[in-house]
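> the following comprises the amino acid sequence and a computationally predicted model.
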Amino acid sequence: MRVRPIINSFDLQKRVIELSKAIEKDYEEVYIVGLLNGAFMFVSDLSRHIQKNVFVDFMKVSSYVGDKSSNLNILCDISLDIKDKDVVLVDDILDTGKTLSKVKELILSKHPKSLKICVLLDKPSKREVDVKADYVGFEIEDKFVVGYGLDYNGFGRNLDFIAQIEI
């Protein structure tokens with residue numbers, strides 16, 4: 001498989017720090033909920049740079065395909081109590097918005113004080129559901145990408161940059 005870097009490691013880390021400072025500015029204490037598997041590297045780096053009280057937890061979900069695509073299967077839910085807490089939902093990429101929209105509904109059902117969304121990558125041209133991120137790392141074109149937690153069948157997740165993949 002060939003990869004073509006589109007966001008280098010330096011620019012990636014610089015932007016992650018900028019996002020962490022924006023979140024830090026907005027909260028005294030924040031609960032970060034990351035979506036596995038793709039967001040694990042992003043959540044790790046993002047949370048390390050927030051110099052306030054940070055609580056981190058993860059969810060793992062999958063969406064059914066075909067005519068059941070609106071369903072969400074929770075493989076692993078959060079264990080932290082987020083009721084009346086400020087929550088930032090963190091994902092690797094926002095494309096159609098279907099999964100993130102459903103996860104947002106699920107988080108809201110736990111009655112947080114507030115909920116914002118942070119994504120590393122945003123593909124607005126792919127959006128099918130009206131969901132917006134409050135914090136966005138990079139807006140990208142509709143290309144398949146790997147790196148920094150994103151993968152293609154396990155490939156590329158370990159890269160410290162974002163690359164377009166040619167399958």
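Now that the structure is in, tell me what you want to look at.

> only C-alpha atoms from now on, for both contacts and neighbour counts.
OK.

> enumerate the beta-bridge partners assigned to V30.
Counting by DSSP bridges, V30 forms beta bridges with V54.

> residues near it, how many?
Other residues within reach of V30, judged by other CA atoms under 10 Å, total 22.

> ok, it touching I82?
No: the pair V30 and I82 fails to qualify as a contact (CA atoms under 8 Å) at a distance of 9.8 Å.

> quick one: contacts for the closest residue to S9 other than its chain neighbours?
Excluding the flanking residues, the one nearest S9 by CA to CA, 6 or more residues apart in numbering is F161, at 4.7 Å. Counting by CA atoms under 8 Å, 6 or more residues apart in numbering, F161 touches P5, I6, I7, N8, S9, L12, G147, Y148.

> mind listing which of the residues you listed are in helices?
Among those, the subset assigned to helices under DSSP state H consists of S9, L12.

> make TSV from the contacts of F161 and add pLDDT, distance to G154 and neighbour count to it.
What follows is the contacts of F161, written out as TSV (pLDDT from 0 to 100; distance: CA to CA, whole Å; neighbours: other CA atoms under 10 Å):
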residue	pLDDT	distance to G154	neighbour count
P5	96	18	15
I6	97	19	12
I7	98	20	17
N8	98	20	12
S9	98	20	16
L12	98	21	19
G147	97	10	24
Y148	98	12	23
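
> looking at the contacts of F161, which is nearest N53?
Among the contacts of F161, L12 lies closest to N53 (CA to CA), at 23.7 Å.

> how about the closest one, what does it touch?
Contacts of L12 by CA under 8 Å, 6+ apart are F161.

> any idea how far it lies from D86?
Distance from L12 to D86, counting by CA to CA, to the nearest Å: 25 Å.

> can you check D122 too?
23 Å.

> looking at those two, which is more packed in?
The neighbour comparison of D122 against D86 (other CA under 10 Å) goes to D122, with 26 against 18.

> circling back: can the contacts of F161 go into JSON lines with extra columns for distance to K116?
Formatted as JSON lines, the contacts of F161 follow (distance: CA to CA, whole Å):
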{"residue": "P5", "distance to K116": "29"}
{"residue": "I6", "distance to K116": "27"}
{"residue": "I7", "distance to K116": "24"}
{"residue": "N8", "distance to K116": "26"}
{"residue": "S9", "distance to K116": "26"}
{"residue": "L12", "distance to K116": "21"}
{"residue": "G147", "distance to K116": "24"}
{"residue": "Y148", "distance to K116": "22"}
